[in-house]
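J.: any chance you could fold what I've pasted below:
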Amino acid sequence: MKHLIILPLAALALAASANAQTSRTTTIEKPKGTATKTVTRDNGNLTVDATATRASDGATATRNRDRTRTDTGVSGSGSQTGFNGKTKSYEYDRTRTDNGFTTTGSATDRQGRDYAYDAYGRKTETGRETGRNVTRDGQQVYNRGGSTSRVDGQFQRTSTTMRDPSFKPRKAGRRR
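T.: Just a heads-up that it's a prediction; the model follows:
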């Protein structure tokens with residue numbers, strides 16, 4: 001009988017701790033400078049703030065990132081300022097739809113160029129369709145569309161890509 005009461009209470013305690021706010025701050029001090037990073041998680045939302053200070057001249061670089069879960073998807077924003085004072089920033093909204101998602105976003109690079117991004121992914125009766133479009137200062141620099149389908153037992157994939165040679169996006173997850 002004791003076990004029947006303890007198990008639900010333990011499950012309730014674990015569920016409450018999974019939704020609790022957690023914050024972790026890490027500081028590294030080295031001869032070349034000091035860096036501090038704070039990561040805060042709260043009910044599926046994420047905030048990351050980082051600062052680095054160079055010891056030789058006291059110059060500071062900062063980076064922040066926010067991701068917020070919404071009822072229909074997720075939204076995020078972030079910015080990064082280098083030791084030279086130049087800043088880049090971004091923001092996006094990703095929305096779940098009945099059969100897929102849509103994403104819109106904007107960004108500004110360190111040279112002050114403005115980017116706009118929109119994308120979609122959706123299920124069709126026989127497969128999936130995806131598309132992405134990026135413009136820089138109002139001019140299209142990247143466009144990719146694709147679809148996959150299965151008809152009469154045959155798998156078919158189509159893809160079209162257009163990229164301006166001056167546009168070189170970095171791959172997601174790659175560190176410099």
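J.: now stretch 27-47: mean pLDDT?
T.: Predicted confidence along stretch 27-47 averages 95 (mean pLDDT).
J.: gap between the two ends of it?
T.: Stretch 27-47 has an end-to-end distance of 17 Å (Cα to Cα, to the nearest Å).
J.: centre of the chain versus that stretch, how much separation?
T.: 17 Å (Cα atoms, centre = their mean, to the nearest Å).
J.: ok, and what's touching that stretch?
T.: If you take Cβ atoms under 8 Å, 6 or more residues apart in numbering as the criterion, stretch 27-47 is touched by 19, 21-26, 48-56, 64-69. For the C-beta atoms, the positions are set from N, CA and C on the backbone; glycine is no exception.
J.: for stretch 128-145, same thing?
T.: Taking Cβ under 8 Å, 6+ apart as the criterion, the residues outside stretch 128-145 that touch it are 100, 113-122, 146-149, 159-164, 166-167, 169.
J.: let's see that with 10 Å instead.
T.: Residues outside stretch 128-145 that contact it (Cβ atoms under 10 Å, 6 or more residues apart in numbering) are 99-103, 105-107, 109, 112-123, 146-149, 157-169.
J.: distance between the ends of that stretch?
T.: From start residue to end residue, stretch 128-145 stretches across 11 Å - Cα to Cα.
J.: would you mark the buried spots in it?
T.: Neighbour counts using 16 or more other Cβ atoms under 10 Å place 129-136, 141-142 of stretch 128-145 among the buried residues.
J.: farthest-apart pair in the residues you listed, please.
T.: The two members of those with the most space between them (Cβ to Cβ) are 129 and 136, at 24.7 Å.
J.: for residue 69, which residues are in contact?
T.: Going by Cβ under 10 Å, 6+ apart, the list of residues near residue 69 reads 42-46, 75-76.
J.: whoops, residue 96 was the one
T.: Residue 96 makes contact with 70-74, 102 under the criterion Cβ under 10 Å, 6+ apart.
J.: element containing residue 105?
T.: Following DSSP states H and E, the helix or strand that holds residue 105 is strand 100-108.
J.: please disregard the earlier target; I meant residue 165.
T.: Secondary-structure assignment from DSSP H and E places residue 165 in no helical or strand segment.
J.: ok, now how distant is it from residue 61?
T.: Here the criterion is Cβ to Cβ, to the nearest Å. By it, residue 165 lies 30 Å from residue 61.
J.: pick out whichever of those two has more residues nearby.
T.: When neighbours are counted by other Cβ atoms under 10 Å, residue 61 comes out ahead of the other of residue 165 and residue 61, with 17 against 6.
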